[in-house]
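Chemist: Sequence and predicted structure, then a few things I'm wondering about:
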Amino acid sequence: MVAAAPASAQIWTDGDAACTAGSPAVRVNVTGLKDRSGRLKLELYPATEDDFLKDDRDLKKEGKFFARIWSPTPKSGPVTLCIRAPRPGRYALLFTHDRDGKNKFNFWKDGAGFASNRNLGRSRPKLNEAVITVGATGATVSIRAQYLRGLSGFAPYDGN
């Protein structure tokens, strides 16, 4: 769903009021997209080692919080996504660019990013790279998308 925004900005939300009225929501400014194909996704996890990147079905069975939003990739302009948090607190945030639209991470094509913006390289991201703090009025985070860059692993796309 698309919310009203300043000229040229494109904002997708999982609840218009939550993401525009200052409730505990995370606004994510995404930069460095390799292209404007596919879909964009945000996932919000509990900020614990055991729960970070755990299957959402398992988290839900255990009665734990998990949120996901999908958005079509805008054809141009700035990209801001928004996802609601249940309450202020610490969470782990994952961004992915599903370039082929198959809803399964394709290591060779898709992009990913975390709040730390540290180059991901070849290792699985660590919890501390994804943790954000959401206050009573929300949080704003900037994430630079990263894509596979040969043997060195994931890094920001530089146009080549």
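Modeler: Everything's here; your move.
Chemist: and R87, how many neighbours?
Modeler: By other C-beta atoms under 10 Å, 9 other residues sit near R87. C-beta: built from backbone N, CA, C; applies to glycine.
Chemist: Confirm that it sits in a strand.
Modeler: No: with DSSP: H, G, I helix; E, B strand; the rest coil as the criterion, R87 is coil rather than part of a strand.
Chemist: Surely it and A25 touch.
Modeler: No: applying C-beta atoms under 8 Å, one finds R87 not in contact with A25, separated by 11.1 Å.
Chemist: sec struct for the residue nearest in space to the middle of the chain, please.
Modeler: Geometric centre of the chain, nearest residue: F95, 2.4 Å, by C-alpha atoms, centre = their mean. Assigned with three-state DSSP, F95 falls in the strand class.
Chemist: how far away is it from R39?
Modeler: 12 Å (C-beta to C-beta, to the nearest Å).
Chemist: got it, and P125?
Modeler: As judged by C-beta to C-beta, P125 and R39 stand 20 Å apart.
Chemist: cool, P46 as well?
Modeler: 24 Å.
Chemist: Likewise for L59?
Modeler: For L59, the distance to R39 - C-beta to C-beta - is 22 Å.
Chemist: With R122 instead?
Modeler: Relative to R39, and taking C-beta to C-beta, R122 is found at 25 Å.
Chemist: for F107, same thing?
Modeler: Distance from F107 to R39, by C-beta to C-beta: 17 Å.
Chemist: Of the two, give the one with the bigger neighbour count.
Modeler: R39 (16 against 9).
Chemist: so what's V28 closest to, chain neighbours aside?
Modeler: Distances taken as C-beta to C-beta, 6 or more residues apart in numbering put L81 closest to V28, at 4.7 Å, once the chain neighbours are dropped.
Chemist: ok, what's across the strand from that neighbour?
Modeler: W12, V28 (DSSP bridges).
Chemist: Tally up the residues packed near it, please.
Modeler: 24.
Chemist: K61 versus that one, what's the distance?
Modeler: L81 is 27 Å from K61, by C-beta to C-beta.
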